[in-house]
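**Q** No letters, just coordinates:
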Ligand SMILES: Nc1nc2c(ncn2[C@@H]2O[C@H](COP(=O)(O)OP(=O)(O)OP(=O)(O)O)[C@@H](O)[C@H]2O)c(=O)[nH]1
């Protein structure tokens, strides 16, 4: 599996001038320099040792959390280009803590993730958050502010809630003093030691996808017509989910779906015919759990997978589900004008051609 390019600015973002780019882009190499200025950008900010580089490594490089223990302090901006392996194209810039940046850094930026170490004294971090938010908002009022209350693995459940309440309260008070009481900050409890960091990143990325309501709606239609309980549309490599149906997300369900993707990728790498790609459009996987639940994964394209959870008896109508899935996939491709994937990928755990023929329309 190839990794994300670091310190590199490349690619284009298709027909979405202020939004995200989608899908494989054949012209990446031609447009590297020219498009670099326009790539939607998320800034990772916060004090030193708050965990910014660790977040970037764990989410986008598959580094295991323990390996971040001895990461060296970042002393220059590390630009991560989420383009080559991902459906959603954007940049994440990891900014060294405690450095004041030139105003222009906020001009082209879509969102700021401000990381606060919840295991440390956070008054300095709150002061820095306040200064950053008021400055960035003044320069670019369109920026979204996302606060990661990070390293919560070290806190008890009560402490987590208390930390969130306290930080929220103080941050809002500080902004109100600056006359910015209407500015919205979103707060997330995160840790690299569980899936919370992936979930939080998913929500940040989703806010920046203009087509999110359409995707949510398509997922709602799919699940209600197929007897599915929950469905996620995953960016396979990062395990960020770029959309889900409108029923609430339960952390355990999300975790088990992430695990399924890991299993499928690992199996593809072991048994796949090519070693650089895990999927093709016929790839699918079915996992039956011992509690009467079935998990079903289907590839939407080289970068995206649909992962669904349903009761075993609903899966008896697999033909209907497969037919509905094909309609769903077509609709997603229409929404994003995704080019069909090149089809050179490796293994299909279960080929869609093995599925019973779906006869008739959606139930
Ligand atoms: N317990 C715990 N430790 C974490 C978590 N995230 C990061 N860390 C640890 O925090 C320390 C600092 O992490 P870095 O990623 O280097 O922090 P940074 O914000 O990039 O620091 P600078 O580069 O100095 O700005 C490392 O030892 C990480 O292992 C987390 O979720 N939980």
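**A** Ah, there it is. What you see is a predicted model, and the numbers here were worked out from it, not measured in a lab. Residues are numbered from 1 along each chain as shown.
**Q** how about the residue most central in space within the chain, phi and psi?
**A** Nearest residue to the geometric centre of the chain (C-alpha atoms, centre = their mean): residue 240, 2.7 Å. Backbone torsions of residue 240, given as degrees, to the nearest 10, read phi -80, psi 130.
**Q** Could you list the low-confidence segments of the stretch 51-200 of the chain?
**A** Across the stretch 51-200 of the chain, the ranges flagged by pLDDT under 70 are 83-88, 97-99.
**Q** what do you get if the cut-off is 50, keeping everything else the same?
**A** Counting by pLDDT under 50, the stretch 51-200 of the chain contains no low-confidence segment.
**Q** The ligand contacts on that one?
**A** 51-54, 68-69, 71, 73-74, 96-97, 150-151, 153-154, 191-193 (C-beta under 6 Å from any ligand atom). Where C-beta positions appear, they are placed from N, C-alpha and C, glycine not excepted.
**Q** hmm, back to that, show me what the residue nearest to the centre of the chain bridges to in the sheet.
**A** According to DSSP bridges, the residues that bridge with residue 240 are residue 235.
**Q** Can you give me the pLDDT of it?
**A** Residue 240 is assigned a predicted lDDT (pLDDT) of 88.
**Q** same thing with residue 305?
**A** Reported pLDDT for residue 305: 91.
**Q** all helices of the stretch 101-250 of the chain, in order?
**A** Using DSSP state H, counting those that start in this stretch, the helices of the stretch 101-250 of the chain run over residues 123-139, 157-177, 196-207, 212-226.
**Q** Out of the ones you listed, which is closest to residue 249?
**A** helix 196-207 (7.3 Å; C-beta to C-beta).
**Q** one step back: so which of the helices of the stretch 101-250 of the chain is the most surrounded?
**A** The densest packing among the helices of the stretch 101-250 of the chain, expressed as mean neighbour count by mean count of other C-beta atoms under 10 Å, is seen in helix 196-207 with a mean of 21.
**Q** Now do that helix and helix 212-226, the angle between them.
**A** Counting by axes from the mean of the first three to the mean of the last three C-alpha atoms, to 10 degrees, helix 196-207 lies at 110 degrees to helix 212-226.
**Q** and helix 196-207, what does it pack onto?
**A** helix 52-61, strand 109-117, strand 144-150, strand 185-189, strand 240-244, helix 251-271 (3 or more C-beta pairs under 8 Å, 6 or more residues apart in numbering; DSSP states H and E).
**Q** for the first one, the distance to its chain's centre please.
**A** Centroid displacement of helix 52-61 relative to its chain, using C-alpha atoms, centre = their mean, to the nearest Å, is 12 Å.
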